[in-house]
Every structure is written in structure tokens, then in C-alpha cells.
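*Asks:* here you go, sequence then predicted model.
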Amino acid sequence: MDKKIVVIGSGVSGVGAVKLLEAAGAAPTLYDSNEKLTEAEVRGRLPEGSRCAIVLGDFPKSMKKETELVVLSPGVPVDLPLVEELRANGATIWGEVELAYHFGKGRIAAITGTNGKTTTTTLVGEIFKSYYPEAFVVGNIGTAYTQEALKMTENSVTAAEISSFQLETIENFHPKVSAILNITPDHLNRHHTMKCYIETKEKIAENQTKEDTCVLNYDDEETRRFGENCKASVLYFSREHILEQGVYMDGTAIVYADESVRTKICDVKELKLLGTHNYENVMAAVAITAAMGVPFPYIRETVIHFTAVEHRIEFVTEKKGVAYYNDSKGTNTDASIKAVQAMNRPTIVIGGGYDKHVTFDDWIECFGDKVKWLVLLGQTAEQIAETARKHGFRNIVFTESLEEAVQVCADKAESGDAVLLSPACASWGMFDNYEQRGKMFKDYVRALPE
């Protein structure tokens, strides 16, 4: 690859892109607009011996004309003036996923959706590992796709979690199986309109053919509508309907239907996952892995032994009869609604964070008689409180930090209650990411007196 390549963003994805490009023989330039960074700091993130040029601050005019390929980190908006200028100058714009796909091999199961991506992708990865000798789990899940691409072979299978940010820049990306788990409002500060957000999610299947499979949620109006015009062969899953073809719930049984043959995979009572939304994640994983050729006994065995993903309704500990749950990955209202619904005891909720320009009415409405107190922090605290008061919920406490919020919850909770961190907002502003927020929550909880 002898093109003039610029990687924009020096985080995990950007560094992963540089590593892959250099391993493939290219000589990329790594650019970051953050003037506070030093070259030594950025160089320290790169592998020893990297010859990658580093540019910080303003983008040089000379580079604008020369650049032929731009690789964007997921956090860099595609409508950034610099990106639009580079595109207008004739540069090809790729994201991490398109770059990795260019070098990777084997079959891919690509999973997107507003909620449930991480749990479903992790479960799919575990099922793959139980049956296939070469299995990878990559994407918006901790391990960059670019980091693993060169290790893949024609015989490997890959479970890839793909965010809407990553889907904006795909060109040739062609998974054997794609999945859209659900679509609810999120990231409208980035995508601006719901129509744009939905169309971006649907791009996951745009290069598929009838030889491929697209797994969709029959109970979600948007994904069901998409299924009517999808280029791939559609396989639905449903918690609410009996399907002729697909995966559905019959009472408490998860069933795979293939025309006249119906196979019971498991009973939800056998699962270690909590909440009806997780039943949907399991059904999606069953559909995806069956479409990728995994026999049912392997699927069943993995599904019934699978435990919750960190930061997703993760049980932390019990202190003085109060159960603490970390749902820091609840970064939007739909995810947090599912977390509240999964609680089986009176609950105190910690919410608030970065403003993604969404409303909170549905979240507050789901509280019913279950939520006793709402403890708020972050940029959206006042907006959430205003929404709560509008719906008649007035047990609200404002806090300045997560540590204070945990202490307030401990003071107000009674034996038999639950404390749930499920912010319904992104972590940015107060934390680096939702993982850091979740880890700090667990540390504060474990430090509480017994």
C-alpha cells in the first residue's frame, strides 16, 4: 500500500490502524488536532520501532493536497470540515472497520444495534470458540478489529461489534452474517436526525447478497420494516411472536424454527443472564451462530453457562442487605429502561452524564413504584430532574461526584433494596469512558462499610 495515508485520531482505534498499516508495509502519518498532546506522548502509544510521522494541532495545507487515503477513528465525525475538505480534494475516507476488512480474512458475523451489542457479540464469540478452532472477537468491544486482522485466515470466524460511528465509513465491508438488534434514539448529537441514524445502522447489510444472512428483531418496528427490503436472507428473532422461521420464545423456552422443524435450545430459567432484554440478546446470538454453521448442542452449552458482561447489569456486591448493580454501559434511555425493568426489588437509581440531546420521559415513566430515589450527577442532571418532576417523581438528590452519589445511595437504601448505576447518558465530561465510570462505581461500592 504505497498511498499517502493519514490516520486521524491517536486513541486505541487510531493506534490500531497505524500498527496494521505499518505491518502491511505502508508509511502512514498519525494526526491529532489536540494541541495539548506531545509527540513523545503519542509516540509512546505506538509500537517500538514505528516510523510513523506524527502531526499535532493544525493540519498542514501541504498534506491536504497529497493525502490519498484517510482512516478515521470512530470518534471523529465524518462531517468535520477537515474531513469534508480532504474528501473534496479526492481522498478516500475509510474507518477502522473498512481498513481492517481490507486486510482480514475468513467469515464475519457483524453485530450492531442501539443496545445489547456487547453482550450479544461476546456471547457469539464464546459460541464460536466452542466450535471453531480459529475465532476472533473484535470491534467496538475492547479489541480493535485492526489489531486482529492480519492474524485471520480463510478458516477463521470473527464476531465483530460495529457501532453506528464505524458504519458511517464502510465501503466494501461484507459480513457473512449481519445483525441489527434494535434501533432506538441515540447519538443524535452526531447523526443529527433519527432518519440518518437508522440509515447508518442499516449500512451493515448494504454489501450482502441473498447468499448471506441478516438477523433482525421482529419486535422492533424499524428492523422489521428493514427486513422487507433487505438484500440478504432475513432471519428474525422475537420475544413476542411465534415465528415460522427464526428464533422465538414459547413461554419460557427459546426455540429455533426452520420451517416444519422446531428445536428447543434452552429454557430461560437455565440462563445466568438477568432481564428480558437479555433473552433477546440470547435469541439473536442463537440466530447468528446457527446461520454461521454452529450445531445446536454447542450453542446450547455455551448459552446456559454464559454470565453477564462487565458494566451491563453486573452484580457488584451486597452491603448491609443492599444489592449493588453496575450498568455503566446503560448510556442511553432504552438501555437504562431495560436495566430498571430487570431489577426485582425496590431500587435507587444513579443517573445523569453527558448530553446527547435526547429526552428522558420514557425512562422516568418506567420507574413505576419500583424506583424509590433518583440520584443525579453530570451535565444532564437538571434536565432529568425537570422531566422527573413533570411525571410526578420528586425523590431526587443532586450530587457533585460519583463517590458522593454512592454514599447518598448507601445512606438512603434499606436492607432488601437495590442500588443501580444506570446513567441513561454517556460518560464523557466526567469520565474517559463508561468502563472507567463502572470501575470507579465498583471501587466506591466495595469501599462502603460492611
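*Replies:* Arrived safely. Residues are numbered from 1 along each chain as shown.
*Asks:* C-alpha only now, for contacts and for neighbours.
*Replies:* Noted.
*Asks:* quick check: F173 touching E96?
*Replies:* No - F173 is beyond contact range of E96, at 10.8 Å (criterion: Cα atoms under 8 Å).
*Asks:* of these two, who's got more company?
*Replies:* Counted by other Cα atoms under 10 Å, F173 and E96 do not tie: E96 has more neighbours, with 24 against 21.
*Asks:* any idea how far the more buried one is from E22?
*Replies:* 14 Å (Cα to Cα, to the nearest Å).
*Asks:* relative to I348, how far out is R51?
*Replies:* For R51, the distance to I348 equals 52 Å [Cα to Cα].
*Asks:* for these two, work out which one has more neighbours and name it.
*Replies:* Higher neighbour count among R51 and I348: I348, with 25 against 13, using other Cα under 10 Å.
*Asks:* surely that one forms part of a strand?
*Replies:* Yes - if the criterion is DSSP: H, G, I helix; E, B strand; the rest coil, then I348 is within a strand.
*Asks:* residue contacts, it?
*Replies:* Contacts were defined as Cα atoms under 8 Å, 6 or more residues apart in numbering; by that measure I348 touches V371, K372, W373, L374, V375, C409, A413, D417, A418, V419, L420.
*Asks:* 7 Å - rerun?
*Replies:* Under the criterion of Cα atoms under 7 Å, 6 or more residues apart in numbering, the neighbours of I348 are V371, K372, W373, L374, C409, A418, V419, L420.
*Asks:* which residue of the chain lies farthest from its centroid?
*Replies:* Residue farthest from the centre of the chain, counting by Cα atoms, centre = their mean, is S62 at 37.1 Å.
*Asks:* which helix or strand contains that one?
*Replies:* S62 is part of helix 61-66, with elements assigned from DSSP states H and E.
*Asks:* adjacent strands (with direction) for the following helix or strand past that helix?
*Replies:* Tracing the chain past helix 61-66, the next element assigned as helix or strand by DSSP H and E is strand 69-72. Looking at strand 69-72 with DSSP bridges, its partner strands are strand 5-8 (parallel), strand 92-95 (parallel).
*Asks:* CA atoms only for the helix or strand just after the first one, dumped as PDB, please.
*Replies:* It refers to strand 5-8. Downstream of strand 5-8, the next assigned helix or strand under DSSP H and E is helix 12-23. In PDB, the C-alpha atoms belonging to helix 12-23 read as follows (Å, rounded to 0.1, in the frame of the first residue of the first chain):
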ATOM      1  CA  VAL A  12      -7.000   3.000  20.600                       C
ATOM      2  CA  SER A  13      -8.500   2.800  17.100                       C
ATOM      3  CA  GLY A  14      -6.000   5.200  15.500                       C
ATOM      4  CA  VAL A  15      -3.000   3.400  17.000                       C
ATOM      5  CA  GLY A  16      -4.500   0.100  15.900                       C
ATOM      6  CA  ALA A  17      -4.800   1.500  12.400                       C
ATOM      7  CA  VAL A  18      -1.200   2.600  12.300                       C
ATOM      8  CA  LYS A  19       0.000  -0.700  13.600                       C
ATOM      9  CA  LEU A  20      -1.900  -2.600  10.900                       C
ATOM     10  CA  LEU A  21      -0.800  -0.200   8.100                       C
ATOM     11  CA  GLU A  22       2.900  -0.400   9.100                       C
ATOM     12  CA  ALA A  23       2.700  -4.200   9.400                       C
END
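*Asks:* burial of K370, as a residue count?
*Replies:* A total of 17 residues lie near K370 under the criterion other Cα under 10 Å.
*Asks:* same question, G44
*Replies:* G44 sits with 11 neighbouring residues when counted by other Cα under 10 Å.
*Asks:* thought C425 was touching G353?
*Replies:* Yes - in terms of Cα atoms under 7 Å, C425 counts as a neighbour of G353; the distance is 5.0 Å.
*Asks:* show me which of these two is the more surrounded one.
*Replies:* In this view C425 and G353 are compared by other Cα under 10 Å, and C425 has more residues nearby, 28 against 21.
*Asks:* and for the nearest residue to the more buried one once chain neighbours are set aside, the neighbour number?
*Replies:* Closest residue to C425 in three dimensions, ignoring its sequence neighbours and counting by Cα to Cα, 6 or more residues apart in numbering: T331, at 4.3 Å. By other Cα under 10 Å, the residues close to T331 number 25.
*Asks:* check contacts around T331.
*Replies:* Going by Cα under 7 Å, 6+ apart, T331 touches P423, A424, C425, A426.
*Asks:* again, but for T276
*Replies:* Remark: with contacts taken as Cα under 7 Å, 6+ apart, T276 is in contact with nothing.
*Asks:* give me the phi and psi for it.
*Replies:* According to degrees, to the nearest 10, the main-chain angles of T276 amount to phi -70, psi -30.
*Asks:* please shift the residue numbers so they start at 167 in all later answers.
*Replies:* Right, with 167 as the first residue, what we last looked at is T442.
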